[in-house]
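1. Sequence and predicted structure are below.
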Amino acid sequence: MPIIVVEVMPKAELLDPAGKAVAGALTRLGHSAFSNVRIGKRFELTVEGPVTEATLADAQRIAEEMLSNQVIEDVIRVFEAPAPGASA
């Protein structure tokens, strides 16, 4: 069955304490090439039947209304996941 993926991230202007903690840990562990980390959420919605434009639009509405807090988060992407074994 097809899967729709929803990616949600904190708004860029807001502090991301978890990301800041991970960035600090990376530096302490010697991974100094990474200067910033932002931590978000990924949702996978299994779809009964084919993924259509209407299905994607419905998933976008769900993402904005239920899966994210629009005060502090942005819905970054809503897309159909590639089938297993398909090249990305």
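-> That came through, no problem.
2. can I assume residue 21 sits in a strand?
-> No. According to DSSP: H, G, I helix; E, B strand; the rest coil, the state of residue 21 is helix, so it is not within a strand.
3. what number of residues lie near it?
-> Neighbour count for residue 21, taken as other C-beta atoms under 10 Å: 12. Yep, even glycine has a C-beta here, placed from its N, CA and C like the rest.
4. Can you give me the pLDDT of it?
-> Listed pLDDT for residue 21 reads 96.
5. and the one helix or strand residue 79 maps to, which residues are buried?
-> Taking DSSP states H and E as the criterion, residue 79 maps to strand 73-80. By neighbour count on 16 or more other C-beta atoms under 10 Å, the buried set for strand 73-80 is 73, 75, 78, 80.
6. Likewise for stretch 63-75?
-> 63-64, 67-68, 73, 75.
7. Only alpha carbons, please: show it as CSV.
-> Taking C-alpha atoms only, stretch 63-75 is exported to CSV below (Å, rounded to 0.1, in the frame of the first residue of the first chain):
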residue,chain,number,x,y,z
ALA,A,63,-0.7,18.0,8.4
GLU,A,64,-1.6,21.6,9.0
GLU,A,65,-4.6,21.0,11.3
MET,A,66,-3.6,17.9,13.3
LEU,A,67,0.0,16.8,12.8
SER,A,68,1.7,20.2,13.4
ASN,A,69,1.4,23.1,15.8
GLN,A,70,1.2,26.0,13.4
VAL,A,71,2.2,28.5,16.0
ILE,A,72,5.7,26.9,16.4
GLU,A,73,6.0,24.4,13.5
ASP,A,74,6.0,24.5,9.7
VAL,A,75,4.8,21.6,7.4
